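Enquirer: Got a predicted structure plus its sequence, pasted below:
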Amino acid sequence: MDNALILLTTAILFCAIVFCHKVIVMSSRRSRDKNPLLQLEVPPGSLGWPFIGETIEFISSAYSDRPETFMNKRRHIYGKVFKSHIFGSPTVVSTDAEVTKFILQSDAKTFVPSYPKSLTELMGKTSILLINGSLQRRIHGLIGSFFKSPQLKAQITRDMQKYVQQSMECWRDDRPILIQDEAKNIAFQVLVKALISLDPGKGMEFLKKEFQVFILGLMSLPINVPGSRLHRSLQAKKRMSKLVKNLIKSRRDKGRIVSTVAQDVVDVLINDPHEQFTDDLIADNVIDMMIPGEDSVPVLITLAVKYLSDCPAALQQLTEENMKLKRSKAKLGEQLSWNDYLTLSFTQDVITETLRMGNIIIGVMRKAMRDVEIKGYSIPKGWCVLAYFRSVHLDEANYEWPYQFYPWRWQHKEMMTSSNFTPFGGGQRLCPGLDLARLEASIFLHHLVTQFSWKAEDDTVVNFPTVRLKRRMPIWVERR
C-alpha cells in the first residue's frame, strides 16, 4: 500500500512538472513571437562558477604582462563577441571594433554606464561619469567646449612650460629621475589650475594629499565602515569637496557671473544661462575631473618615455623634429604656442602609438536598458557589456606587428578615423580632454628631448587596476 501511494504521488508530481514545463515553453514561444529579439540567442561563452563567474581568472590575467589573454582565449573558442560573468554580473564582452563602436555611440535608452559599486559611491550620483540624458549632454558639451577653447590651450601651454621648466631645473645627473612622479606632480597642478584656478601653495598641497587617499578607493571593496579603504576615500572626498564648495560660494557671493571669458571649469558651470547647477554637482564633477591629472596624462607621458627609450630610431626622429622647431623659434625670438606643439607631426604619431599600445583606458562597461541586438546576437536587458579596447588595439587583424612600437604606422592618417582606434572612448561620452592630454604630453616631450639625453632603467608596465610603471620609470639624464 505504501509503495502504491509513493508511485501514485511520484506520477502526479511528474505530470505536474511536465504540465508546468509545457506552459513555460508555450509562454516563452508567445513572448518570442511578440518580441523578435527574444528569438536570438546571447553570444556563446561561459558564465563560469556560481556567484563569482569568471572574475578570478579575469583579474588574474589583468595583473599579467598580457591582460588580454583572458579575452584571446575566449575569442579563439567563441569569436570576438562572447558572454562571461565578471564583477557580479552576466556580461557580453566585445573585442570587435564595429560592436564596440555601436556600444559607444548608443544613447541612454540602450546603454548606461556601469561601474563597480565602490567607484559609483565615490563619484557621486551627479558625476558626469554616471548621469545620463540631457543633463549629461549639457555638462559634457560645456566642459568639452571650454577644453577646446584657444584661451584655455594657451593657459595650459604657459602653465605646463612653467612647471616643466621648474621641475627640470632641479634634475641632476647623479641620481635617477622618476618620470612618473615628475609627470604626476606637473600634470596635477596644471589641471587643478584649469578646474578651479588654484595656484601652487597650501591649498594645492592639501588637494594633492587628500586626492591620493581618494583615488585609492576607486577600485576597493564596497565596504563603507570606519577604517575601510572606501570609507577613508569618501572622507577625503568630503574634505576636498568642502574646499571646492567654499570657492564656489565665494564666487557666487562676489557676483563673478556671466564673465566674458570663463577662467576655469567652475566659471563655466556657474555661468551657464540654461541650467542652475548645484554646488554639489559642480564640486563632484570638478573632483572627478582631477583623475586625469593623477592618472591618464602622467601615464601617457611616462609610457611615451618608456617606448622611446626602447626605440632609438623613434627617439632620434622625435628629437630632430623638436630641435628643429626650437631653433626656428629661437631665431624669430618667439615662444612656442600651443599650436606649435600640436603641429609636430612625428611627435603626435609617437603619442598616438603610445595610446594604442599603452591602453590607459582598457575599456568601458555599460548596462543594457532594453533587449539589444548586435551582430545577430541578443544582449538581454539588465546584462552588462564590456567594450574591451585593448584587444582591438592589439589585434593583428587591425594592426601589423601589434606589439611593436612603430609610430610610423600613423603617417597614414586615415587610420586615426577608424573604429579600430578608441583610446579616449567615443560617442556622447568621448573624453572631453583628449586634445589637452596630447598638448601636455607634447610639451613635456619637447622639453625633455631638447634639454636632455638619457638612459632608462628596466621597468615593467602594471595594467591593473590602473595602468602604471612598476618602478615609476627611472632614467639617468645628461644635459645637452
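Expert: Sure, I can see it. On a predicted model such as this, the values are computed, not experimentally measured, just so you know. Numbers count the residues shown, from 1 in each chain.
Enquirer: ok, the closest residue to F102 other than its chain neighbours - contacts?
Expert: Excluding the flanking residues, the one nearest F102 by Cβ to Cβ, 6 or more residues apart in numbering is I374, at 6.1 Å. C-beta here means a position set from N, CA and C on the backbone, and glycine is covered the same way. Counting by Cβ atoms under 8 Å, 6 or more residues apart in numbering, I374 touches V81, V92, S94, V99, F102, I103.
Enquirer: for V392, same thing?
Expert: Contacts for V392 (Cβ under 8 Å, 6+ apart) come out as T95, D96, A97, T100, N398, N420, T422.
Enquirer: Could you save these as a markdown table and add columns showing distance to T460, secondary structure and pLDDT?
Expert: Output for these, formatted as a markdown table (distance: Cβ to Cβ, whole Å; DSSP: H, G, I helix; E, B strand; the rest coil; pLDDT from 0 to 100):
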| residue | distance to T460 | secondary structure | pLDDT |
| --- | --- | --- | --- |
| T95 | 24 | coil | 97 |
| D96 | 29 | coil | 96 |
| A97 | 28 | helix | 94 |
| T100 | 27 | helix | 95 |
| N398 | 25 | coil | 92 |
| N420 | 26 | coil | 92 |
| T422 | 25 | coil | 94 |
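Enquirer: With neighbour count and distance to G433 as extra columns, can I get the residues you listed in JSON lines?
Expert: As requested, the contacts of V392 are arranged in JSON lines below (neighbours: other Cβ atoms under 10 Å; distance: Cβ to Cβ, whole Å):
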{"residue": "T95", "neighbour count": "25", "distance to G433": "26"}
{"residue": "D96", "neighbour count": "22", "distance to G433": "27"}
{"residue": "A97", "neighbour count": "22", "distance to G433": "23"}
{"residue": "T100", "neighbour count": "27", "distance to G433": "21"}
{"residue": "N398", "neighbour count": "17", "distance to G433": "25"}
{"residue": "N420", "neighbour count": "19", "distance to G433": "22"}
{"residue": "T422", "neighbour count": "23", "distance to G433": "15"}
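Enquirer: between these, which is nearest C431?
Expert: Of all the contacts of V392, C431 sits closest to T422, with 10.2 Å by Cβ to Cβ.
Enquirer: what about T343, neighbour count?
Expert: 12 (other Cβ atoms under 10 Å).
Enquirer: Which residue comes closest to Q136 once chain neighbours are left out?
Expert: For Q136, ignoring the flanking residues on the chain, the nearest one in space by Cβ to Cβ, 6+ apart is I128 at 6.3 Å.
Enquirer: Now do stretch 203-210: distance to the chain's middle.
Expert: Chain-centre distance of stretch 203-210: 23 Å, with Cα atoms, centre = their mean, to the nearest Å.
Enquirer: again, but for stretch 42-61
Expert: Counting by Cα atoms, centre = their mean, stretch 42-61 comes out at 23 Å from the chain centroid.
Enquirer: Helix, strand or coil: sort out R366 for me.
Expert: For R366, the assignment made with DSSP: H, G, I helix; E, B strand; the rest coil gives strand.
Enquirer: Report pLDDT for the residue nearest to it when sequence neighbours are not counted.
Expert: Leaving aside its sequence neighbours, R366 sits nearest to F111 (Cβ to Cβ, 6+ apart; 3.7 Å). Listed pLDDT for F111 reads 96.
Enquirer: and what of W171?
Expert: For W171, the model assigns a pLDDT of 97.
Enquirer: just checking, it touches F452?
Expert: Yes. With contact defined as Cβ atoms under 8 Å, W171 counts as touching F452 (7.4 Å).
Enquirer: Now the common contact residues for those two.
Expert: V477.
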